[in-house]
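Asks: 3D, please:
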Amino acid sequence: GWDRTSQLTSLSMLLLDPYYRTIPGFEVLIEKEWTSFGHKFHRRIGHHDPDVKDEQRSPIFVQFIDCVWQVLRQHPTEFEFTSTMLLEIMDHLYSCRFGTFLCDSELQRHSTGVIAQTHSLWSYINAQREKYHNLLYDPRTEVLRIDVSMHSLQLWQEYYMRWDQDELTKVSVDMRMQDLVRRCKELESVCARLEKAL
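Replies: Numbering: from 1, shown residues only. Predicted coordinates for the structure are as follows:
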């Protein structure tokens, strides 16, 4: 119940409310349904815990982010952010660089001084929002309908396979799309200048 509640409520809110598909909205969603709700990040991830056989370890949050990626892949124009932001979140879930995912509750983060001694991951992301901004963002749908059949689910290669030497040479679809959109805008600007010159 404890872990599944955050997964289910977060995914439901993401599908039902377009605000949570924006960069600030997604940050609020994670803060509200995961960190403030009391997801046991330390217990589930095992930050600095040498007991690798701890039965309480479980990739609950990783599963949630993977589900978000699956939805983002099916509805690429409905999200203000790209998979680059999801990768950043996943990297810092394990990096311990920010206090956002440390400890098992808000109370622990306060009592141990984590909040006072660390920065928030969201400050870092918001300082470079352009890096995560989806150039294809064009929200048109209030409620997202997703295909959950097995053939529609894919392995998130950008995350799970990124250290594979063969995968390192591949450019992600997300990055290719962003580059194409950027190049189209540049060409449109050039055309506009040429039309004015005529």
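
Asks: pLDDT on the longest helix along the chain, on average?
Replies: The residue-count maximum for a helix in the chain (DSSP state H) belongs to helix 173-197. For helix 173-197, mean pLDDT is 78.

Asks: show me what that helix is packed against.
Replies: Packing contacts for helix 173-197, counted by 3 or more Cβ pairs under 8 Å, 6 or more residues apart in numbering; DSSP states H and E, involve helix 83-95. C-beta here means a position set from N, CA and C on the backbone, and glycine is covered the same way.

Asks: and the helix it packs on, what does it pack against?
Replies: Using 3+ Cβ pairs under 8 Å, 6+ apart: helix 83-95 touches helix 23-30, helix 41-45, helix 60-74, helix 121-127, helix 129-132, helix 157-160, helix 173-197.

Asks: what's the helix or strand following that helix in contact with?
Replies: For helix 83-95, the following helix or strand on the C-terminal side (DSSP states H and E) is helix 106-111. Under the contact criterion Cβ atoms under 8 Å, 6 or more residues apart in numbering, helix 106-111 has outside partners 35, 36, 38, 42, 99, 102, 103, 114, 115.

Asks: residues in contact with whatever helix or strand comes next after helix 106-111?
Replies: With elements assigned by DSSP H and E, the helix or strand that comes after helix 106-111 is helix 114-117. Under the criterion Cβ under 8 Å, 6+ apart, residues 99, 102, 103, 108, 109 lie in contact with helix 114-117.

Asks: next: stretch 25-37.
Replies: 5-6, 9-10, 13-14, 17-20, 41, 61, 64, 68, 80-81, 85, 89, 100-101, 106, 109, 122, 125-126.

Asks: between the contacts of helix 106-111, which is nearest residue 187?
Replies: residue 35 (43.0 Å; Cβ to Cβ).

Asks: against residue 64, how distant is that closest one?
Replies: Using Cβ to Cβ, to the nearest Å, we find residue 35 at a distance of 13 Å from residue 64.
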